[in-house]
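1. need coordinates for the below:
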Amino acid sequence: IHSMKNSIQQIQQEMTPWILLLQKYYQGHLCNLDSATWEEIIQALQAEPTATMTAMAEALEVLAATEEFQRQEMKYDFNSLFIGPDILKAPPYESCYLNPERTLMQTETMRVRAKYREAGLEVAKKNVEPDDFMGFELEFLLFLLSSESEAHHNLIPQFMQEHLLVWYKPHVEAIRNNTH
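-> Numbers count the residues shown, from 1 in each chain. Down below sits the predicted model:
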């Protein structure tokens, strides 16, 4: 049990910053940051001596150096990938990749909802925003990682194998294929 707790702590330390960044990405926040805010974030990350924080700071430096027209292009890409108004080029929903009809609120969504319930959680906007939205799945993973409960920690590999790891590759491929 002690080594499992150490493993969870190591995963928390290494993965939590990346998951938080991805969560902000899927919420659309990264496109709207100004240069000063980027600089503050980068400085805060550089103050942390871990390899993860250093790598994240380096990645964000590239984003911080973008010009206004590039930020507008990022917003356009974000909207065309995840929001619309046209057909989404990289829908951020598990069911769109696993369901043959690529439709929302199907069996895949209900399976994710069941996992949330197993941990005692429910999406705040139930039946408004699908439970299998990438941002929610990442938030759930953060919840599990930050929990003190062994039962929650035991859900991590199962949730990753049954959900996130099943659909993230085609999702990332769709992002790569549809951005400038």
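2. surely Asp131 meets Val123?
-> Yes. With contact defined as Cβ atoms under 8 Å, Asp131 reaches Val123; the gap is 5.0 Å. Every C-beta, even on glycine, is put in place using the N, C-alpha and C of the backbone.
3. any residues in contact with both of those two?
-> Arg113, Tyr116 (Cβ atoms under 8 Å, 6 or more residues apart in numbering).
4. least trustworthy helix or strand in this structure by mean pLDDT?
-> Least confident helix or strand, the chain: helix 2-26 with a mean of 62, by mean pLDDT, DSSP states H and E.
5. before we move on, back to that, okay, Asp131 and Val123: which has more neighbours?
-> Set side by side, Asp131 and Val123 show more neighbours around Asp131, with 27 against 19, by other Cβ atoms under 10 Å.
6. give the contact list for that one.
-> Counting by Cβ under 8 Å, 6+ apart, Asp131 touches Thr109, Met110, Val112, Arg113, Tyr116, Val123.
7. widest-spaced pair of those?
-> Met110 and Val123 (12.0 Å; Cβ to Cβ).
8. isn't Glu162 right up against Glu118?
-> No. Counting by Cβ under 8 Å, Glu162 stays clear of Glu118, with 11.6 Å between them.
9. what strand or helix carries the closest residue to Leu20 other than its chain neighbours?
-> Closest residue to Leu20 apart from its sequence neighbours, by Cβ to Cβ, 6 or more residues apart in numbering: Leu142 at 7.0 Å. Assigned by DSSP states H and E, Leu142 belongs to helix 134-146.
10. now that helix: mean pLDDT?
-> Average pLDDT, helix 134-146: 90.
11. mind listing what's buried along it?
-> Met134, Gly135, Phe136, Glu137, Leu138, Glu139, Phe140, Leu141, Leu142, Leu144, Leu145 (16 or more other Cβ atoms under 10 Å).
12. could you say what helices and strands that helix packs with?
-> helix 2-26, helix 107-118, helix 150-159 (3 or more Cβ pairs under 8 Å, 6 or more residues apart in numbering; DSSP states H and E).
13. next, the angle from it to helix 107-118.
-> 30 degrees (axes from the mean of the first three to the mean of the last three Cα atoms, to 10 degrees).
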